[in-house]
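1. just need the structure, nothing else, for what follows:
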Amino acid sequence: MNYTEVDFLIAPLEPWRDILTAELGELGYDSFEETPGGLKAYILSERFDRKVLPELLTLRDPHASVSYTVRAVEPRNWNAEWERSFTPVEVGKEVRIRAEFHPSVPGFTHELVITPRMAFGTGHHATTRMMVQAMLGLDLHGQAVCDLGCGTAVLAVLAEKRGAKEVLAIDIDAQAVDNALHNVGLNGCHAITVEKGTVADLRGRRYGTILANIERNTLMRDMEAMRDALLPGGALLLSGFVVDDRHMMAQSAKQAGLLVEERLNEGEWALIGCRRPLP
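-> Below you'll find the predicted structure:
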């Protein structure tokens, strides 16, 4: 398979490199390499569209200076590239996320095995770690849970292991869906259904908890749809945005009629936890 490389120079690097990575992931870029001055992003050449690059929010934000160059690259073993850089992730003594080629380590309540393909959600990003931390504060036993924008389905797997009776892992990207299916099987999960789709596919369904680690504009756009898919009293965990946007996100949740109950941050990244009020 032929790939196209886009080499970005970014100033300042943080938090814009992470934000740009999340944006590009939504466009189908499936591998990233951090450089001293920015980021190299890779996409299948058949999916590359030069015209969308100037429209990226990061490139249009007045607080960031971003330039880029584009070139075709020779085919590479992308999974081997990931394996060389993938290390286990630990959240306290509750959760350890590792790959198949890492040895199991005793002493953790939950050990999740995730194949380190290109789908977002290996646990290395601050937003995934915060989602795991917030999930540990919820009682998911017997619940129906939705992992919206599931990526690797790491959160869906954790939800089942924490007692959810049924879990929907849904993502708009076909590669993420394939990766999620693989990881569900890898962890011996039986309560998880993986689907390709969007928040619109939740219409008519109801969940006790919705997990949405996506990006700011998508979260704000879909806030009312996520609220409608929550049972009364249900929890909505939102991440994928920076601390500076947390007030905006909380206001969007409140305008949708949700109660904001939890706020977390790690570095530049933030999470809020909401509930749909009881009648």
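
2. which residues in the stretch 1-150 of the chain form helices?
-> 16-26, 57-60, 78-85, 126-135 (DSSP state H, counting those that start in this stretch).

3. any idea of the angle the strand or helix carrying residue 235 forms with helix 16-26?
-> Counting by DSSP states H and E, the element that carries residue 235 is strand 230-242. Relative orientation of strand 230-242 and helix 16-26, computed by axes from the mean of the first three to the mean of the last three CA atoms, to 10 degrees: 130 degrees.

4. that older thread, and the helices of the stretch 1-150 of the chain, which one is worst for confidence?
-> Looking at these, the lowest mean pLDDT belongs to helix 78-85 (a mean of 62).

5. pLDDT-wise, which helix or strand of the protein ranks last?
-> helix 78-85 (a mean of 62; mean pLDDT, DSSP states H and E).

6. so who does the residue nearest the centre of the chain touch?
-> The centre of the chain sits closest to residue 213, judged by CA atoms, centre = their mean, with a distance of 4.3 Å. Taking CB atoms under 8 Å, 6 or more residues apart in numbering, we find residue 213 in contact with 121, 127, 128, 131, 149, 151, 155, 237, 238, 239, 240. C-betas here are computed from N, CA, C, even on glycine.

7. how about residue 204?
-> No contacts exist for residue 204 under CB under 8 Å, 6+ apart.

8. and it, what pLDDT?
-> Model confidence at residue 204 (pLDDT) stands at 94.

9. swap in residue 185?
-> The model's pLDDT for residue 185 equals 95.

10. what bridges to the residue nearest to the centre of the chain?
-> Counting by DSSP bridges, residue 213 forms beta bridges with residue 239.

11. where's it relative to residue 115, distance?
-> Applying CB to CB, to the nearest Å, the value for residue 213 to residue 115 is 19 Å.

12. again with residue 19
-> As judged by CB to CB, residue 19 and residue 115 stand 26 Å apart.

13. of those two, which one has the most company?
-> residue 19 (24 against 18; other CB atoms under 10 Å).

14. so which residues of the stretch 151-279 of the chain form helices?
-> Going by DSSP H, counting those that start in this stretch, the stretch 151-279 of the chain shows helices at 154-161, 174-186, 216-221, 223-228, 246-255.

15. the closest residue to residue 279 other than its chain neighbours: neighbouring residues, count only.
-> Distance criterion CB to CB, 6 or more residues apart in numbering; nearest residue to residue 279, sequence neighbours excluded, is residue 232 at 5.7 Å. Using other CB under 10 Å as the criterion, residue 232 is surrounded by 11 other residues.

16. same thing with the one 5 residues further on?
-> A count of neighbours around residue 237, defined by other CB under 10 Å, yields 23.

17. next one, pLDDT for it please.
-> pLDDT, residue 237: 98.

18. who's in contact with it?
-> Applying CB under 8 Å, 6+ apart, the residues near residue 237 are 131, 134, 135, 209, 210, 211, 212, 213, 271, 272, 273, 274.

19. now render the residues you listed as TSV, adding distance to residue 203.
-> Converted to TSV, those look like this (distance: CB to CB, whole Å):
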residue	distance to residue 203
131	24
134	25
135	25
209	18
210	13
211	18
212	16
213	21
271	26
272	24
273	23
274	19
